[in-house]
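> Need the 3D shape of this:
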Amino acid sequence: MWFLVILNVDTLRRRPGVRPVTTGREIPHDQLDQFSPPEVRAALVGEAEALPGVFTGPSQVSEPSSLALRLRRPVGPWEAFLHPSRDEFGHIHRAGFMHLTVPLPLVAPLVEAGWAEPHPISLRPEWPDTIVMLYAPRDEDELAVAVAVLRASWEQASGVSGEKK
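Model prediction:
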């Protein structure tokens, strides 16, 4: 299964290094030991802002210092958004750590390969199972994976279909 030609979940390589340490809060908003260098985070933000229909600003569902990724014309399904918002499909924290929704078939491969973990809020029955915490990309190679996941999230929220089989 492919989401965008650049993210083949069948051959997704393991994320190098150890799993990031989070604060232990119910909903982590930072990574204590791993973060994106400023130029990598800036590139990630640039990629997000370049997606058609996306606009950014303070998150409406997280810390205001988190950069929300919102759609001008959200048409995706309920599980494509961070609730209670109906247009915010993700946000980027200061450390480069992202909370975002992804197509359900991507959740397990991303977790198994060490790129993400399910967001704790997704354990609650009233929240979708599609919310993940994607670890901060630390270099150009990890940025490529983060951008591919970001694009899959955007596809789901915008109703654009990039899935190929």
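> Tell me where the protein is predicted with low confidence.
1-7, 22-32, 161-165 (pLDDT under 70).
> Which parts of it are strands?
Here the chain has its strands, by DSSP state E, at 2-3, 7-8, 54-58, 67-71, 88-92, 98-101, 116-118, 131-134, 163-164.
> In a markdown table: those strands, plus distance to Arg151 and mean neighbour count.
Placement of C-beta: from N, CA and C, glycine included. A markdown table is the format used below for the strands of the chain (distance: least, C-beta to C-beta, whole Å; neighbours: other C-beta atoms under 10 Å):
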| stretch | distance to Arg151 | mean neighbour count |
| --- | --- | --- |
| strand 2-3 | 8 | 20 |
| strand 7-8 | 8 | 18 |
| strand 54-58 | 11 | 15 |
| strand 67-71 | 11 | 24 |
| strand 88-92 | 11 | 28 |
| strand 98-101 | 11 | 28 |
| strand 116-118 | 15 | 20 |
| strand 131-134 | 12 | 24 |
| strand 163-164 | 12 | 12 |
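> With respect to Ala48, which of those lies nearest?
Closest approach to Ala48 among those is made by strand 67-71 (5.2 Å; C-beta to C-beta).
> Run the angle between that closest one and strand 88-92 for me.
160 degrees (axes from the mean of the first three to the mean of the last three C-alpha atoms, to 10 degrees).
> Is it correct that Arg151 is in contact with Ala50?
No. If you go by C-beta atoms under 8 Å, Arg151 and Ala50 don't touch, sitting 10.3 Å apart.
> the more surrounded of these two?
Between Arg151 and Ala50, Arg151 has the larger neighbour count (other C-beta atoms under 10 Å), namely 19 against 8.
> On the strand side of things, show who the closest residue to Ser62 other than its chain neighbours bridges to.
Using C-beta to C-beta, 6 or more residues apart in numbering and skipping residues adjacent in sequence, the residue nearest Ser62 is His91, 5.3 Å away. For His91, the beta-bridge partners are Ala68, His99 (DSSP bridges).
> So for Glu79, which of the strands of the chain sits nearest?
Here strand 98-101 is closest among the strands of the chain (C-beta to C-beta), at 6.4 Å.
> Which residues does that closest one contact?
Strand 98-101 is contacted from outside by 44, 62, 66, 69, 79-82, 89-93, 119, 128, 130-134, 136, 146, 149-150, 153, 156-157, using C-beta atoms under 8 Å, 6 or more residues apart in numbering.
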